[in-house]
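In: Sequence and predicted structure, then a few things I'm wondering about:
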Amino acid sequence: ITAIGHPWAAPRAVNISFDRLIPKMARPLELFSMGTVDLHPVSQSREALLDTAPSVVCGEATVPGNGGPTPPLILACSAADHVITNVTFASYGAPTGSCASGFQPNTTCHSSLSTLVADVECLAKNNCTFSLGKSFIGQSIPEQRFGLVPCLGVTMRLAIVVTCGPWRGGPTMLADFGQEFQGGLTVNATGIAGQRIHIVTGELRGPLHTPGVPEALVSNTWGASFLWTLRDGPQTLSQHNFMMFRYVSFTFLDGPPPDDLVVGAWGVAYEWDDDDSTFDSSNATLNHVWRLSRNTLRYGVVDTWTDSNTRERRPYEADGLIAGSARALVQRDVLWARHSTSWTLEYPTWPIEWQQMTPALCWADYMATGSSVLALAYFDQLLNNTKAGFVDSTGLVGPVAVRKAMGSHGNHIVDWDPSPNASQFLYSDHELPCNGWAASGLHMLAELARVGGTVRRSVQVAAVADALKSRMLDMMWDPAEHRFCDGICAENRTLSVYSDITALYLGLVPQSASAFVWEAIAAHGLESLGAYGAFLYLNALATYPVGIDDDGSTILSALTKCDATSWCAEWERWNATLTMEAFPSDVVYLTSYAHPWGTSAIQGIVHGLAGVRATSPRFATFDVKPRVGSLARLSLTVPSLHGPITVTVTPNRLEVNVPCGTRCNGCMYSHPDVHDSTHMFLDGVAVVAARDGAHLCMIQSIRCGRSGAARILTLSTGHDTANVNREV
C-alpha cells in the first residue's frame, strides 16, 4: 500500500545492505541435553481375567465438504475391560467397500499416514475419537491429522477397522523432565523385534483443567503422540524434529519394558548466555515469577519471537512488544529482535493495533543499537502501518479497511484472552487505543527520520502526529474526569482501564492529569486482564508521574499476588514452568502453556521496581530510580552493549555498577513527607541532590567506578554536608 494521501509517504531510495539488516539468524541455535529421567509406573501390567475372544469394531464416515457441524467418528470396544489391540484397516481418502463387505484403499486417493494416525490414536485404549469438522481457525481437522490428500472432485471418507481384546501389554510409565522445553526424545534399550511403545508428550498431566493428579497420564493439550517400534538388540532411537513438552508417558503394547531402558531428551533454543542477567530479592514469589518468565525466554524461543511454538508457531507484532522487549532486558543481543521485526514487517498479521506497533518495534531497535537503519528501510510501510491514512473528517483515525474480517470488532484488539466485553470497553468507529497507537507511532517515526538525516520528512510526520494528538485531546479527553473516553466523548463517554493503560503507557495523557489516570489504573488492579493488558498495566504504572508517591507496592502486589489473574497461579494451579498464553482465570480450549508474550513481569521488575531504564540509545545514559515497596532487598543485572548494569537495592542504600562509557542518573526513593531533611551520599561523600517526585536524584550523573567497582548511594539525615563532592 503506497497511496495514503500524504506527501511524506512517497517512496524514497535508501542505500542499505539487507544481508546485514535482516540476518537469517543473528546467533546459532543451541542444542543441549536435558539429561535422563526416571520412569514411574502409573498403571501396572494387566492380565486378562478371562480368555475372551477378540472382537472387531468398524467405523466409517463422510467428511463434510462445507465444514459444517458433524458428529465425530467413534470406535469403542463393547467390553469395558477390553482395549484396541490392533488396527487392521485405516484409510482417509476415498476407500471402497463398507463395514459389511470390507474395505480397500483407493490407491489414487489415500493418505499414507492413515494407519499410523489410527495406531497412535487408538492402540491400548478402550475407545478413540476422530473429529471430522473444521478447527477454530477454519482448517479441516482430518487434513491436520492425516495430511492433505490430492483427491480432486472426490467426497472424502474415513474408514477404520480395529480389533478389541483383553490387554496383554506392559505398564504405562510416566517421565517428568521438570521443565517444559522444545526438543525431542531419545531412548536407549535392548529391544525385541516388533515391540511397540506408544508415546504421548505434553505440557500437562491429567485431563484438561485437572492438573496435579498423580495417577493421571499426560494430557492431550499441546503435545504429540506417536508409536516407536523396537528392533532386536541394543539401539538408540532419537527424534529429529522438536516439540514443546515436559511430561512423557510410555505405554508398552507388547509386554514389559526392556530392563535397560534409558529415556533422555535434547533441547533446542536460540543461543543463551546465563551470565547476561541475574535477579534475586527477599520475596520468594517474586523470584519465582522472574524465573518463570526468564525460563520462557530461555526454553521457548528459537530464531524469532514466535507467539508460541505450540499453536501459532509464527511471530506476531505484539510478541515483539512484550517478549522482544523482555528478552532485551535479559540477553545482550540486538539482532534477534531486529530479525524478528523485519520478519513481521515482511509478513504482517491481521490485528490493526498489532500493525500499528511496528514503529515502536523499530524504535526499540534504535534504542538498542543507536541506528535508525531498520526504520529507514521500512519507513513508508511503517507510515502506512500507523493507519494515519484512515484519518477521516473528524481528524481522527476512523474505520480501517481490512481485507478479511477477523473477530467481531473489525480487526481491532484492545486486549486478548480475555477480550473486554461491552461493559468493560465500548467499541466504536473512533477508538482511543487505535488513535493512540497511531499518534505515538507517528511521533516515533518523526524522530527516527530526524536521526536518519531526513529532516524535512521528520517535520512533516511530526506535524501529522501533533495534529492527531491535538484532535484526540479535543474530542476524546474528558476534562471533568481527567481521563480519555473509549472513543469520541460526545458519542462514547465510556471510561475504561483499557484506554487508561494504553494512553498512559504511550505518553498521551496531559502531564497535569497523569496522576489521576495512574490512580485509576492502580485502583482497577491487575484483574480481568490478559497478557497484553498486563504488559500495558505494568508499564503504565512504571511511568510514575509526578504526584504519585507510591513506593512500588502497587506493582509489587500485582507481580506477587496469587489469585486467578496472576503468574503465581500459573504454577500453583497448572504446575507451569513457562508462562502461559493467558492467566488461569481465562484458560480456554487450545490455550498454550508456553507463551513468551506472557513475560511482561520482566519489564514490571526492571522498570517498575528496580527503576532501570535507558534514556538514550545503547544505554549510554540510563536511570536507576528504584521503588521496591516492602522488599528488604532487590538485586538484578541487565545487559547493555557497554556491559552489564548491576543494581542492588536495600533500605536507604543503592549499589550500582555503571559500565564505563555510560552515565547513570542515580536516584533513591525518599517520600517528601518523611525525608525533608534527607541527604544523599555517593561512596560516603555528600553530593548535591534534587527532588524528582518521590525520589532524591543526584544533580550530576554517576560514572563507572575505579576498576569497575560499584558506586554506592546512601541516604541519611542530620549529617554535615559541607564537603560536597561535585566530581562524581
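Out: Looks like it came in fine. Because the structure is a prediction, the values reported are computed rather than measured.
In: Give me the mean pLDDT for the host helix or strand of residue 623.
Out: For residue 623, the enclosing helix or strand under DSSP states H and E is strand 621-624. Here strand 621-624 scores 98 as its mean pLDDT.
In: Quick check: neighbours of it in the sheet, parallel or antiparallel?
Out: Neighbouring strands of strand 621-624 in its sheet, by DSSP bridges, are strand 612-614 (antiparallel), strand 663-669 (parallel).
In: Present those strands as a markdown table; the columns should include mean pLDDT and mean neighbour count.
Out: Every C-beta, even on glycine, is put in place using the N, C-alpha and C of the backbone. Below are these laid out as a markdown table (pLDDT from 0 to 100; neighbours: other CB atoms under 10 Å):
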| stretch | mean pLDDT | mean neighbour count |
| --- | --- | --- |
| strand 612-614 | 98 | 20 |
| strand 663-669 | 97 | 24 |
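In: Determine which of the ones you listed approaches residue 645 most closely.
Out: Using CB to CB as the criterion, the shortest distance between residue 645 and those is 6.4 Å, found for strand 612-614.
In: related to what we said a few turns ago, residue 604: which of the strands paired with strand 621-624 is closest?
Out: Of all these, it is strand 612-614 that lies closest to residue 604, at 12.0 Å by CB to CB.
In: How far does the closest one sit from its chain's centre?
Out: With CA atoms, centre = their mean, to the nearest Å as the basis, strand 612-614 stands 22 Å off its chain's centre.
In: Other residues contacting that strand?
Out: Outside strand 612-614, the residues within contact range by CB atoms under 8 Å, 6 or more residues apart in numbering are 367, 606-607, 621-625, 636, 638, 640, 645, 647.
In: so who does residue 186 touch?
Out: Contacts of residue 186 (CB under 8 Å, 6+ apart): 236-239, 263-266.
In: And it, which helix or strand is it part of?
Out: Using DSSP H and E, residue 186 falls in strand 172-191.
In: Mind listing the residues bridging to residue 692?
Out: Here residue 692, judged by DSSP bridges, has bridge partners residue 695.
In: these two touch, right, it and residue 667?
Out: Yes. Using CB atoms under 8 Å, residue 692 is in contact with residue 667, at 6.3 Å.
In: Could you tell me which residues touch both of the two?
Out: Jointly contacting residue 692 and residue 667 under the rule CB under 8 Å, 6+ apart are residue 625.
In: low pLDDT regions in the stretch 601-728 of the chain?
Out: The stretch 601-728 of the chain contains residues with pLDDT under 70 at 674-677, 718-728.
In: Going by residue numbers, what spans are helices in it?
Out: Using DSSP state H, counting those that start in this stretch, the helices assigned to the stretch 601-728 of the chain run over residues 601-603.
In: do the same with the stretch 151-300 of the chain
Out: Here the stretch 151-300 of the chain has its helices, by DSSP H, counting those that start in this stretch, at 284-299.
In: which stretches of it have low pLDDT?
Out: Scanning the stretch 151-300 of the chain with the threshold set as pLDDT under 70 gives 206-217, 219-221.
In: hang on, the earlier thing: identify whichever of the strands paired with strand 621-624 lies nearest to residue 150.
Out: Among these, the nearest to residue 150 by CB to CB is strand 612-614 (53.9 Å).
In: how about the strand holding residue 623: buried residues?
Out: Buried residues in strand 621-624, counted by 16 or more other CB atoms under 10 Å: 622-624.
In: Likewise for stretch 179-188?
Out: Under the neighbour-count criterion of 16+ other CB under 10 Å, stretch 179-188 has 180-188 buried.
In: In contact with the residue lying closest to residue 348 once chain neighbours are set aside, which residues are there?
Out: Nearest non-adjacent residue to residue 348, counting by CB to CB, 6 or more residues apart in numbering: residue 355, 5.5 Å away. Residue 355 makes contacts with 317, 348-349, 385, 387, as judged by CB under 8 Å, 6+ apart.
In: tell me how far the helix or strand harbouring residue 355 is from the chain's mean position?
Out: Secondary structure from DSSP H and E places residue 355 in helix 352-356. When distances are taken as CA atoms, centre = their mean, helix 352-356 is centred 17 Å away from the chain's centroid.
In: And stretch 252-271, by the same measure?
Out: Remark: stretch 252-271 is offset 29 Å from the chain centroid, using CA atoms, centre = their mean.
In: Just the C-alphas of that stretch, formatted as PDB.
Out: Output in PDB follows, covering the C-alpha atoms of stretch 252-271 (Å, rounded to 0.1, in the frame of the first residue of the first chain):
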ATOM      1  CA  PHE A 252       4.400 -50.800  26.300                       C
ATOM      2  CA  LEU A 253       2.000 -52.600  23.900                       C
ATOM      3  CA  ASP A 254       3.700 -55.900  23.700                       C
ATOM      4  CA  GLY A 255       4.900 -56.900  27.100                       C
ATOM      5  CA  PRO A 256       7.100 -55.400  29.800                       C
ATOM      6  CA  PRO A 257       9.600 -52.700  29.100                       C
ATOM      7  CA  PRO A 258      13.200 -53.500  28.400                       C
ATOM      8  CA  ASP A 259      15.300 -53.900  31.600                       C
ATOM      9  CA  ASP A 260      17.900 -51.500  30.400                       C
ATOM     10  CA  LEU A 261      15.600 -48.800  29.200                       C
ATOM     11  CA  VAL A 262      17.000 -45.200  29.500                       C
ATOM     12  CA  VAL A 263      14.900 -42.200  28.500                       C
ATOM     13  CA  GLY A 264      16.500 -38.800  27.800                       C
ATOM     14  CA  ALA A 265      15.900 -35.700  25.700                       C
ATOM     15  CA  TRP A 266      17.700 -33.000  23.800                       C
ATOM     16  CA  GLY A 267      16.600 -29.400  23.700                       C
ATOM     17  CA  VAL A 268      17.000 -26.600  21.100                       C
ATOM     18  CA  ALA A 269      16.700 -22.900  21.600                       C
ATOM     19  CA  TYR A 270      18.200 -19.600  20.500                       C
ATOM     20  CA  GLU A 271      21.700 -19.200  21.900                       C
END
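In: Any buried residues in that stretch, and which?
Out: Result for stretch 252-271 [16+ other CB under 10 Å]: buried residues 252-253, 257-258, 261, 263-270.
In: Could you identify the most distant pair in those?
Out: Using CB to CB, the pair of the buried residues of stretch 252-271 lying farthest apart is 253 and 270, separated by 37.4 Å.
In: ok so, going back, of the buried residues of stretch 179-188, just say which sits nearest to residue 611.
Out: Distances from residue 611 to those, taken by CB to CB, are shortest for residue 180, at 31.6 Å.
In: My guess is that closest one contacts residue 594. True?
Out: Yes. Using CB under 8 Å, residue 180 makes contact with residue 594 at a distance of 5.6 Å.
In: How much space separates the residue nearest to residue 348 from residue 655?
Out: When CB to CB, to the nearest Å is the yardstick, residue 355 and residue 655 sit 43 Å from each other.
In: How about residue 610?
Out: Computed as CB to CB, the residue 610 to residue 655 distance reads 12 Å.
In: Show me the strands in the stretch 251-400 of the chain, by range?
Out: Listed in chain order, the strands of the stretch 251-400 of the chain (DSSP state E, counting those that start in this stretch) span 262-270, 278-281.
In: quick one: contacts of stretch 369-376?
Out: Residues outside stretch 369-376 that contact it (CB under 8 Å, 6+ apart): 14, 16, 21, 334, 338, 341-342, 359, 362-363, 365-366, 382, 445, 448-449, 451-452, 454, 617-618, 620, 641.
In: Make a ChimeraX selection of the buried ones in these.
Out: Only the buried entries of these go into this ChimeraX selection, using 16+ other CB under 10 Å:
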select :21,334,338,341,342,359,362,363,365,366,382,445,448,449,451,452,454,617,618,620,641
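In: from the middle of its chain, how far away would stretch 161-175 be?
Out: In terms of CA atoms, centre = their mean, the centre of stretch 161-175 is found 38 Å from the chain centre.
In: oh, I was asking about stretch 584-599
Out: 9 Å.
In: buried set for it?
Out: Result for stretch 584-599 [16+ other CB under 10 Å]: buried residues 584-587, 591-599.
In: Can you check the contacts of residue 355 and name whichever has the most neighbours?
Out: Per-residue neighbour counts (other CB atoms under 10 Å) across those peak at residue 385, which has 27 neighbours.
In: Cool, thanks, signing off.
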